[in-house]
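Chemist: sequence first, then the predicted structure:
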Amino acid sequence: MNNNMYFTTGEFARITGVTKHTLFHYDDIGLFSPEIKQDNGYRYYSVGQLEVFDVIWTLKELDMPLAAIKEYLAARSPQAFADLLEHEEKSIEQKIRKLKETRRWLRTKSALTREAIQKDVDVIEKAEVPEQYYIEAFCELNDGKEFAVRISELVNYCDDLGIKSPYSLGYIQKRENISQGIYNDYHTFYMLFDTPPKKAVYQIKPAGTYLFAYFRGHWEDIGSAYVRLMDFAEENNLELDDYYYEDNLLDELTTVGCDNYLMRIAARIIRQA
């Protein structure tokens, strides 16, 4: 054996910038083995193997699975390499689109959170709101366990479609219940979107002028916020729509415990007397 043409495992590891453990693993799975294995356990890699290892490392940097790299090395050719690069380019394009979507979500979520931090819960607000869209679900029983199952189904439905809302889960309350002092008739809930969610069956939250009331605390005590909203509407001769949208602005994702949640009630004004 010409020692000038071979490297020990340690030498080859240092030259290629990997660990000896990585080389042992590649040998174990049949991806890349030393050219010489002696009876005494010594292993030697040839100078020529550096180029093969460089191919492996190049493909690995493209996030190609080791099994796929092994398959390619066994039948590599110029055409196979061109096809491989084309496939990897498409994969990268998909990842870029996903990263851009994630960045948009992060920016929107950050803006919504910062806005929520500044809210004065004692102030009733009135503002113009553009048309929005929501995917709704319904739970017949007002039961915590059943509700959790239905919420999970809604989240999974959105995940399967590849859509993610920057808004927290919302609930729809009926004016007829609120006017009778029923503030916890939670049956319909939704995921809200600023643009129509693709491939999904969705409802439209109409554009218009909305009243907003805020509440910080446990959802079971939100009735006081509804009373303030209804009193404000009556004092200002405002007729509100049949449905109120109840949204969590700050929830378990941003704070600890239900007692620290920040909720918003939105009701569209349909007439001013």
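Modeler: Alright, I've got the coordinates.
Chemist: can you pull the buried residues of the helix or strand in which I15 is found?
Modeler: Here I15 sits within helix 9-16, counting by DSSP states H and E. Neighbour-count burial for helix 9-16, counted by 16 or more other C-beta atoms under 10 Å, picks out T9, F12, A13, T16. Just so you know, the C-beta spots here come from the backbone N, C-alpha and C atoms, and that holds for glycine as well.
Chemist: for the stretch 51-200 of the chain, what spans make up the strands?
Modeler: With strands called from DSSP state E, counting those that start in this stretch, the stretch 51-200 of the chain shows them at 125-129, 132-138, 170-174, 188-193.
Chemist: so which bits of the last one are buried?
Modeler: Same thing as strand 188-193. Buried residues in strand 188-193 (16+ other C-beta under 10 Å): T188, F189, Y190, M191, L192, F193.
Chemist: that strand pairs with which strands, parallel or anti?
Modeler: When pairing is defined by DSSP bridges, strand 188-193 lines up against strand 132-138 (antiparallel), strand 170-174 (antiparallel).
Chemist: re the thing from before, CA-only coordinates of the helix holding I15 in PDB, if you can.
Modeler: In PDB, the C-alpha atoms belonging to helix 9-16 read as follows (Å, rounded to 0.1, in the frame of the first residue of the first chain):
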ATOM      1  CA  THR A   9      -9.900   7.500   9.200                       C
ATOM      2  CA  GLY A  10      -8.800  10.300  11.400                       C
ATOM      3  CA  GLU A  11      -6.900  12.000   8.600                       C
ATOM      4  CA  PHE A  12      -9.700  11.700   6.100                       C
ATOM      5  CA  ALA A  13     -12.200  13.100   8.700                       C
ATOM      6  CA  ARG A  14     -10.000  16.100   9.300                       C
ATOM      7  CA  ILE A  15      -9.500  16.800   5.600                       C
ATOM      8  CA  THR A  16     -13.300  16.600   4.800                       C
END
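Chemist: touching it from outside, list them.
Modeler: The contact list for helix 9-16 (C-beta atoms under 8 Å, 6 or more residues apart in numbering) reads 7, 19-20, 22-24, 34, 43-45, 49-50, 53, 57.
Chemist: chain center to that helix: distance?
Modeler: Computed by C-alpha atoms, centre = their mean, to the nearest Å, the chain-centroid distance of helix 9-16 equals 41 Å.
Chemist: follow-up on the earlier one: among the contacts of helix 9-16, which are located in helices?
Modeler: K20, T22, L23, F24, Q49, L50, F53, W57 (DSSP state H).
Chemist: got a list of what D63 touches?
Modeler: Contacts of D63 by C-beta under 8 Å, 6+ apart are S91.
Chemist: check contacts around R264.
Modeler: Taking C-beta under 8 Å, 6+ apart as the test, what R264 contacts is K119, F212, A213, Y214, F215, E246, D247, L249.
Chemist: please apply the same query to A225.
Modeler: V121, A213, Y214, F215, M263, I265.
Chemist: just for the stretch 51-200 of the chain, where's the confidence low?
Modeler: Across the stretch 51-200 of the chain, nothing is flagged by pLDDT under 70.
Chemist: helices along that one, start to end?
Modeler: Remark: helices assigned in the stretch 51-200 of the chain by DSSP state H, counting those that start in this stretch are 66-74, 78-117, 144-161, 175-178.
Chemist: can I get these in TSV including distance to L229 and mean neighbour count?
Modeler: Shown next, in TSV, are those (distance: least, C-beta to C-beta, whole Å; neighbours: other C-beta atoms under 10 Å):
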stretch	distance to L229	mean neighbour count
helix 66-74	58	15
helix 78-117	18	12
helix 144-161	24	13
helix 175-178	8	15
